[in-house]
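**Student:** I would like the atomic coordinates for the input below:
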Amino acid sequence: MNDGTITLPWLVIRQDDNGNRYRVGRYATRAEAQKIADSLDDRGHKQLYWVERIGQNGSK
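**Tutor:** Numbers count the residues shown, from 1 in each chain. Alright, predicted model coming up:
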């Protein structure tokens, strides 16, 4: 892909204690997304954070 767009295929997802899921952010690399997820998880709240990759067609 060389059309000038930035690809951010890595998502950080948060799930609260009621089971609701939210997209926290999109990142260019898995390492960057994992760093964010780890830093949020280290805060000690009940929420669960994880990293997912978006598929080539924009789906998870």
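**Student:** Helices along the protein, start to end?
**Tutor:** Using DSSP state H, the helices of the chain run over residues 30-41.
**Student:** ok, now how distant is the residue most central in space within it from residue 51?
**Tutor:** Against the mean C-alpha coordinate of the chain, by C-alpha atoms, centre = their mean, the closest residue is residue 12 at 1.5 Å. In this structure, residue 12 and residue 51 are 6 Å apart, going by C-beta to C-beta, to the nearest Å. C-beta coordinates here come from the backbone N, C-alpha and C atoms, glycine included.
**Student:** Need the residues touching each of these two.
**Tutor:** Common contacts of residue 12 and residue 51, defined by C-beta atoms under 8 Å, 6 or more residues apart in numbering, comprise 33, 37.
**Student:** what about residue 27, neighbour count?
**Tutor:** Using other C-beta atoms under 10 Å, residue 27 has 19 neighbouring residues.
**Student:** Next one: it, what pLDDT does it get?
**Tutor:** According to the prediction, residue 27 has pLDDT 97.
**Student:** Report the beta-bridge partners for the residue nearest to the centre of the chain.
**Tutor:** residue 25, residue 51 (DSSP bridges).
**Student:** and it, what does it touch?
**Tutor:** 23, 24, 25, 27, 33, 36, 37, 40, 49, 50, 51.
**Student:** Name the member of these with the most neighbours.
**Tutor:** residue 33 (25 neighbours).
**Student:** Residue 49 is in contact with that one, correct?
**Tutor:** No: under the criterion of C-beta atoms under 8 Å, residue 33 makes no contact with residue 49, lying 9.8 Å away.
**Student:** Of the contacts of residue 12, which is the nearest to residue 7?
**Tutor:** Taking C-beta to C-beta as the measure, residue 7 lies nearest residue 27 of those, at 10.3 Å.
**Student:** how far away is that closest one from residue 39?
**Tutor:** Residue 27 is 13 Å from residue 39, by C-beta to C-beta.
**Student:** cool, and residue 30?
**Tutor:** Distance from residue 30 to residue 39, by C-beta to C-beta: 15 Å.
**Student:** And residue 29, by the same measure?
**Tutor:** Going from residue 29 to residue 39 by C-beta to C-beta gives 15 Å.
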